[in-house]
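Q: Here you go, sequence then predicted model.
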Amino acid sequence: MKKKWWKESVVYQVYPRSFRDTTGNGVGDIWGILEKLDYIKSLGVDVIWLCPVYESPNDDNGYDISHYRKISEDFGGQNAFDELLEQMHKKGLKLVMDLVANHTSDEHAWFQEAKKSKDNPFRDYYIWKDGKNGGPPNNWTSFFSGSAWEYDEATQQYYLHYFTKKQPDLNWENPKVRREIFDVVEYWFEKGVDGFRMDVISLISKPEGLPNTKYEKFQDTIVHDYANGPKIHDYLKEMNQEVLSKYDIMTVGEGPGIDLKNGPLYVGEERKELDMVFHFDHMFIDCGIGGKYDPQPFTLNDFKQVFTNWDDVLKDKGWGSIFLGNHDFSRMVSRFGDDGRYHQASAKLLATLLLTLRGTVYVYQGDEIGMTNVAFDSISDYNDVETLNAWKEAEQQGEDMDAFLSIVHSQSRDNARTPVQWNDDKNAGFSKGEPWLKVNPNYTHINVAKQEQDPNSILNYYREMIAFRKANPALVYGNYACLDENHGQLYVYRRWDADGDFLVLHNFSDAPQTFNADLKENNYTLAKSNLNTNKLNNFSLDPWQSKILKIV
Ligand code: ISL
C-alpha cells in the first residue's frame, strides 16, 4: 500500500455553527475556530474538515450554498477565512473544505435565473420535468420527508430536490455545470485549501429516465435509484483529470448508497477518482423500513462485520475512512457506547476502536470529551430540518407524538449539533449570547476545561491514543484480521505488518468478558488500555475495557 500523508492523518471535523461563537450572536464563527486552534492542534490531529462556511440562507445549515466563492459573513467572511488558513498552515494543520455540489440553494444566482423561464440559459443547470397525471413526475421522496419534486407555478414544471425544496439538484449531465463546479474546486485549491469532503457525491448522476422507485425502504431507494448513477464514475474521473490530479490534496466523498460492491470503484487507486469515501453501513445499522426515525436494535456482530467487510474489499485496492459519528447522526458514545454509568470507559473504548482500525480517522468535534445526546422536552427546541420535517410527517400520519419525541431524542441530528462544551460558564463557554441551539445541560460536568485538569479524562486519552497511533504505523497501514466474529460482546482483531504486531480487544458490555483463543504461542505485553487495570497481559477485560496488546 502506497504511503500518503492523508492516509496517516487524523482529521478533526468542525461544525462551525456549534464550535465557538466570538461575537455573541449565538452562532459559532471562524474567529472561534482561530481562538481554539491551539486546542485542536494539541489533540495531535493533522487536518481540519470544515463543514460548509459559504454564503447560505441556512435552510440546511450551510448545505444549501448560494455562493460558492463567498464565505458567509455570519462566520466572519473572507478575512476570517484567510486568517484561518494562514494560521493553520503555520501550525502545520491542513484544511479540508466541504464541497456541496449535488445541489445549490434555491437562492443561488443560477437557480434564480433558471426559474425565470423554460428557455433561460441556466434552466438546464437543474432538473426540470413536466408533471404526470396532475402530480409530480415520479414517486421519489426527499431525504427530508415528502416528495422530491417541487412545482414551480411560473413555469409550470417541477424541479428535483433530494433534500429540502430550497436545495434544488444540479444537472451534472450539463457540461457547463461540471465546468462551473470544477472551477470552484480549483478556485479553493489556488487559495491553498488542502482538500474536499464531497457532500452526497454518490448522488450526482441521476438514473436514466428517472423511473419510479419500487422500494419500500428508503435506504433501498437510495442504493438502487438515487446513488451510483450511470455516469458517476465518468464525472469523478473527469473531475480528477481536470482538477484534483493537479494538486497534492485529499478527497473524501460522502456516499449514501455506497456499498461493498461499488465502494472500491470510487476509491480504487488505479481508477483515479476519489481518495476515500464515507460509507454508512454502520451508521444505518439500526434503521428500519422507515429509515432513521424507525430505529431497530442491532448486534455487535453486525457492527463488527461492517468494519471487517470494508477492510476486506479495500485492502490492496484503495483506502478507507473510519468514523463513528458526524453532524448528521446521534453522538457516538450514546449510540455505540454507554452514556450513563460507563460513559468514560466506553467513550475511551470507542476512541481506541477509531484509532486502531485501518483507514483515515475522522474525529467529530466534542467526541473527544465524550459529548452525549441531548433530550429536549419540546420539539420547539429542535432546529434540524430533517427532524422537524419528520415530526410534521408523523403528526400528519397520526402517530403517537410522545413516542415520536423519544425517537427524536435518540435520532435527531441536533444531538450532534449542540454547542461544544468548553467549560461550566453560562452556555458552556460557547457564546455570550443566546445559542442558536440550546447547550446540552450536562455541560456542567462534561466540558473541556474540566477534562484538561484530569490526566485520566477522555480528552487526554484521545491525545494519548492519537500519539500512540502515530508512533505505531502498523496501526495505520498494517493488515487487519477479526478474530472473534461470533462473540456477541467482544470485538478482537489483530493489526500487523513488518513494523509491529498488535492484538486489540474491546469489551462492548457492562460485564467482564474473557477472550478464549489459543494464541499461546505468542508473548504479549500490554501496550495500552482505556482503564487503569491490574489484569495486565491477559485476555480478560473489565466492563467496557479496551486493551492493546503488543505481540512480541
Ligand atoms: O443524515 C442522514 C440521515 O439522517 C443522511 O442521510 C444525510 O442526509 C446524508 O448522508 C447526506 O448528508 C449530507 O448532505 C445533506 C446535509 O443535510 C447533511 O448535513 C450532509 O452531511 C444535504 O446536503
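A: Received, thanks.
Q: OK, contacts around Phe468?
A: Counting by Cβ atoms under 8 Å, 6 or more residues apart in numbering, Phe468 touches 355, 475, 527-528, 548. Heads up, the C-betas are built off the backbone N, CA and C, glycines and all.
Q: now, among those, which is nearest to the ligand?
A: Leu355 (22.9 Å; Cβ to the nearest ligand atom).
Q: low pLDDT regions in this protein?
A: 520-521, 534-537 (pLDDT under 70).
Q: Near the ligand, which residues of it? Just list them.
A: Residues of the chain lying near the ligand by Cβ under 6 Å from any ligand atom: 60, 63, 100, 143, 163, 199-200, 254, 256, 292, 327-328, 386, 413.
Q: now with 5 Å?
A: 60, 63, 143, 163, 199-200, 256, 292, 328 (Cβ under 5 Å from any ligand atom).
Q: Sort out for me which of the residues you listed are in strands.
A: Within the residues of the chain next to the ligand, residues falling in strands by DSSP state E are Lys292.
Q: can I get the residues of the chain next to the ligand in a markdown table with neighbour count?
A: A markdown table is the format used below for the residues of the chain next to the ligand (neighbours: other Cβ atoms under 10 Å):
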| residue | neighbour count |
| --- | --- |
| Asp60 | 23 |
| Tyr63 | 24 |
| Phe143 | 22 |
| Phe163 | 24 |
| Asp199 | 22 |
| Val200 | 23 |
| Pro256 | 23 |
| Lys292 | 24 |
| Asp328 | 20 |
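Q: Could you dump the residues of the chain next to the ligand into JSON lines and include distance to Lys231?
A: Shown next, in JSON lines, are the residues of the chain next to the ligand (distance: Cβ to Cβ, whole Å):
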{"residue": "Asp60", "distance to Lys231": "25"}
{"residue": "Tyr63", "distance to Lys231": "23"}
{"residue": "Phe143", "distance to Lys231": "21"}
{"residue": "Phe163", "distance to Lys231": "21"}
{"residue": "Asp199", "distance to Lys231": "18"}
{"residue": "Val200", "distance to Lys231": "15"}
{"residue": "Pro256", "distance to Lys231": "17"}
{"residue": "Lys292", "distance to Lys231": "28"}
{"residue": "Asp328", "distance to Lys231": "26"}
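Q: what sits against Gln156?
A: So Gln156 contacts Asp130 (Cβ under 8 Å, 6+ apart).
Q: how near is it to Ser330?
A: To Ser330, Gln156 is 42 Å away according to Cβ to Cβ, to the nearest Å.
Q: before we move on, what about Gly28?
A: For Gly28, the distance to Ser330 - Cβ to Cβ - is 20 Å.
Q: who's more crowded, these two?
A: Gly28 (28 against 25; other Cβ atoms under 10 Å).
Q: Quick check: chain neighbours aside, which residue is closest to that one?
A: Excluding the flanking residues, the one nearest Gly28 by Cβ to Cβ, 6 or more residues apart in numbering is Phe19, at 4.2 Å.
Q: before we move on, what about His445?
A: Nearest non-adjacent residue to His445 (Cβ to Cβ, 6+ apart): Asp424, at 7.8 Å.
Q: now swap in Glu208 and tell me
A: Closest to Glu208 by Cβ to Cβ, 6+ apart is Pro230, at 6.2 Å.
Q: All set, thanks.
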